[in-house]
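Peer 1: Provide a 3D model corresponding to the input given below.
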Amino acid sequence: MGKPTPIIIIAIAFITGIFTCKIAIDYIHIDTIYLLALAIVWFIGMIGFNKMRMPNIFELSTTLFCFFTGALLFLIRFNEVKDGINMNNQYIRGEIIKTPIKSAHSWAVDLKTDNGTKIKAYLHPYCQPRTGDIIELQPSYGLQSTCPLYDSDSTYKDYRNYLFYSGFSATCYAGKEQWRLTNEESNNIYTRIHSLQESMIKQYKEAGFEGNEGAVITAMTTGNKASLSKQTKEKYSHAGVSHILALSGFHLTLLYTMLEWLLFAYIAPRKWRIVTQCLSIIMIIAFTIIAGAPASLVRATIICTLMSITSIFQNDNSSMNSLSLAAILMLAYNPLMLFDVGFQLSFASMIGLCTVCRPMSNLLTIKNRLLNNVWSLTCCTITCSLFTFPLITYYFGYFPLTSILTNVIITFIAYFLLLFSVLWWIMYFIPTIQGFIGTCMNFTASLMNDITDWISSMKWAICEFRLNLLGVIMCYLLLVSVILLISRMTRKTILNESDI
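Peer 2: This is a model prediction of the structure:
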């Protein structure tokens, strides 16, 4: 911890600029070209302050430049999504870029048009669309903009805001006669990844992984959640372990740890550790691609890659620097991502792990290796729960009281499930051993489902209440105060030990 490094300050200024522009978007009527010209002039002036050896003014101007850069990039991206498509257009042609979701009366599909605009379309279910299919449609009721500036209907306001900040310019519905599949074949990355996923799912089904156990195994290893029932999702959510079913940093952390153990990284010389880190990075990137590159997993991959690279230098601030750099890169690419719930939860938990988790785990010195690992895992779970608690209650209106206990138990089980799945694919050409490992996989998934079911059925499993925005801000101010207090106590301890 200690004094914030320049990259952390830059990240804070950049994020503050995005957030400020989002709040004031209704009152901004300046053309982006003028803002860009102002940013260039400011940058030139900033260089001048540096050459004149005026460090204080240079630091202030740099911070303000990052603030306005964040605001400018947000405004540019906001206008791109807002003006991405002509609302009077009666003909839409696009490619399905994500696995369609079946509801009672329609297929929900994510379409990407020829000009790159994303549309959420709801199609009459007379046939089944697939990822990579190119479709043509005529909206039955026209296109509906998702832009918050145009949304006068408060009924679906929150959902449309979610779609807009996820990059969707409009929504539409197409009846049976209003849409059709073309005969064109797509060979882009979406189709290839989906074909690989379908092949893996087919192998699972042929091996006998079916029911809730098969659905959980498929979701945790391929990212495809289509076979998960609504009841299963609710049980995992009420138990506080819904992140187990959605590929994210949790799975990547387990996989990365597993790879380091398999490659003997913890007991190998420093040079070999660098090699193992490079191999681990390549494998987690491959895993992300196979899983369809969901946003949550891409975030985790970027963070994990940067933290792995900077850990080689053994800098005390490397973890927060890596996290800040990841935030800057991802938000520079898409500033709207800041208002995605998954993005906020991911970075909130990572900030907790980088700042509080290690000092908390050092409070107890446990010589037994197994018990020490349990204590470290408990500290990680407590930290993540504390730092995501305000956001969970703000967005979802409840908080799972059993999440700490459930996460400690389920994390161990999930680790073995992922380990068995890796070994299952490695032993693909040795059916006897693969069959035994498959039995272990099925038992592990069944055990995880049973424990989650038992915990979620408790009457006091969740506490229903909702924080407002002011409450969320107050909670995080309290957490920041705790971080500063821990940092100060840690520095005092280090100074006292050095004096002795």
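Peer 1: what's the local residue count around the nearest residue to residue 334 once chain neighbours are set aside?
Peer 2: Leaving aside its sequence neighbours, residue 334 sits nearest to residue 77 (Cβ to Cβ, 6 or more residues apart in numbering; 6.4 Å). Every residue, glycine included, has its C-beta placed from N, CA and C. Number of residues near residue 77 (other Cβ atoms under 10 Å) recorded here: 20.
Peer 1: I'd assumed residue 335 was in contact with residue 77.
Peer 2: Yes: look at residue 77 against residue 335 with Cβ atoms under 8 Å: they come within range, at 5.1 Å.
Peer 1: who's in contact with residue 388?
Peer 2: Contacts for residue 388 (Cβ atoms under 8 Å, 6 or more residues apart in numbering) come out as 345, 348, 349, 352.
Peer 1: repeat the analysis, applying 10 Å as the threshold.
Peer 2: Contacts for residue 388 (Cβ atoms under 10 Å, 6 or more residues apart in numbering) come out as 243, 344, 345, 346, 347, 348, 349, 352, 399, 403.
Peer 1: so the residue nearest to residue 334 touches residue 339, yeah?
Peer 2: No: with contact defined as Cβ atoms under 10 Å, residue 77 does not reach residue 339; the gap is 11.3 Å.
Peer 1: spatially nearest residue to residue 483 (excluding sequence neighbours)?
Peer 2: The spatial neighbour of residue 483 that comes closest, neighbours along the chain excluded (Cβ to Cβ, 6+ apart), is residue 355 at 5.0 Å.
Peer 1: any idea how far that neighbour lies from residue 349?
Peer 2: Distance from residue 355 to residue 349, counting by Cβ to Cβ, to the nearest Å: 11 Å.
Peer 1: which neighbours do the two have in common?
Peer 2: 383, 387.
Peer 1: residue 177 contacts residue 123, correct?
Peer 2: No: Residue 177 lies out of contact with residue 123 (Cβ under 10 Å); the separation is 11.6 Å.
Peer 1: who's more crowded, those two?
Peer 2: The neighbour count for residue 177 versus residue 123, taken as other Cβ under 10 Å, is higher for residue 123 (25 against 10).
Peer 1: quick check: beta-bridge partners of that one?
Peer 2: residue 107, residue 174 (DSSP bridges).
Peer 1: the strands in the stretch 51-200 of the chain, which residues?
Peer 2: 92-96, 101-102, 107-113, 118-123, 134-137, 144-145, 168-174, 179-181 (DSSP state E, counting those that start in this stretch).
Peer 1: can those go into a markdown table with extra columns for mean pLDDT?
Peer 2: Shown next, in a markdown table, are the strands of the stretch 51-200 of the chain (pLDDT from 0 to 100):
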| stretch | mean pLDDT |
| --- | --- |
| strand 92-96 | 88 |
| strand 101-102 | 82 |
| strand 107-113 | 90 |
| strand 118-123 | 92 |
| strand 134-137 | 90 |
| strand 144-145 | 88 |
| strand 168-174 | 91 |
| strand 179-181 | 89 |
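Peer 1: got TSV for those, with distance to residue 453 too?
Peer 2: Output for the strands of the stretch 51-200 of the chain, formatted as TSV (distance: least, Cβ to Cβ, whole Å):
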stretch	distance to residue 453
strand 92-96	34
strand 101-102	24
strand 107-113	28
strand 118-123	32
strand 134-137	39
strand 144-145	39
strand 168-174	35
strand 179-181	39
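Peer 1: mind listing what residue 378 touches?
Peer 2: Neighbour list for residue 378: 360, 361, 364, 404, 405, 407, 408, 411 [criterion: Cβ under 10 Å, 6+ apart].
Peer 1: list only buried entries from those residues.
Peer 2: 360, 361, 407, 408, 411 (16 or more other Cβ atoms under 10 Å).
Peer 1: and residue 421, what element?
Peer 2: According to DSSP states H and E, residue 421 maps onto helix 403-426.
Peer 1: what comes up buried for that helix?
Peer 2: Neighbour counts over helix 403-426 (16+ other Cβ under 10 Å) mark 403, 406-411, 413-424 as buried.
Peer 1: equivalent analysis for stretch 59-78, please.
Peer 2: Result for stretch 59-78 [16+ other Cβ under 10 Å]: buried residues 61-63, 65-75, 77-78.
Peer 1: now it: mean pLDDT?
Peer 2: For stretch 59-78, the mean per-residue pLDDT is 84.
Peer 1: just the CA trace of that stretch, in PDB.
Peer 2: Extracted C-alpha coordinates of stretch 59-78, given in PDB (Å, rounded to 0.1, in the frame of the first residue of the first chain):
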ATOM      1  CA  GLU A  59       1.100  17.200 -11.900                       C
ATOM      2  CA  LEU A  60      -2.200  19.200 -11.600                       C
ATOM      3  CA  SER A  61      -2.400  19.700 -15.300                       C
ATOM      4  CA  THR A  62      -1.700  16.000 -16.000                       C
ATOM      5  CA  THR A  63      -4.500  15.000 -13.600                       C
ATOM      6  CA  LEU A  64      -6.900  17.400 -15.200                       C
ATOM      7  CA  PHE A  65      -5.900  16.200 -18.600                       C
ATOM      8  CA  CYS A  66      -6.700  12.600 -17.700                       C
ATOM      9  CA  PHE A  67     -10.000  13.800 -16.200                       C
ATOM     10  CA  PHE A  68     -11.000  15.600 -19.400                       C
ATOM     11  CA  THR A  69      -9.700  12.700 -21.600                       C
ATOM     12  CA  GLY A  70     -12.000  10.300 -19.700                       C
ATOM     13  CA  ALA A  71     -14.900  12.700 -20.200                       C
ATOM     14  CA  LEU A  72     -14.100  13.100 -23.900                       C
ATOM     15  CA  LEU A  73     -13.800   9.400 -24.600                       C
ATOM     16  CA  PHE A  74     -17.100   8.800 -22.800                       C
ATOM     17  CA  LEU A  75     -18.900  11.500 -24.800                       C
ATOM     18  CA  ILE A  76     -17.500  10.100 -28.100                       C
ATOM     19  CA  ARG A  77     -18.600   6.500 -27.300                       C
ATOM     20  CA  PHE A  78     -22.000   7.700 -25.900                       C
END
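Peer 1: cool, thanks, talk later.
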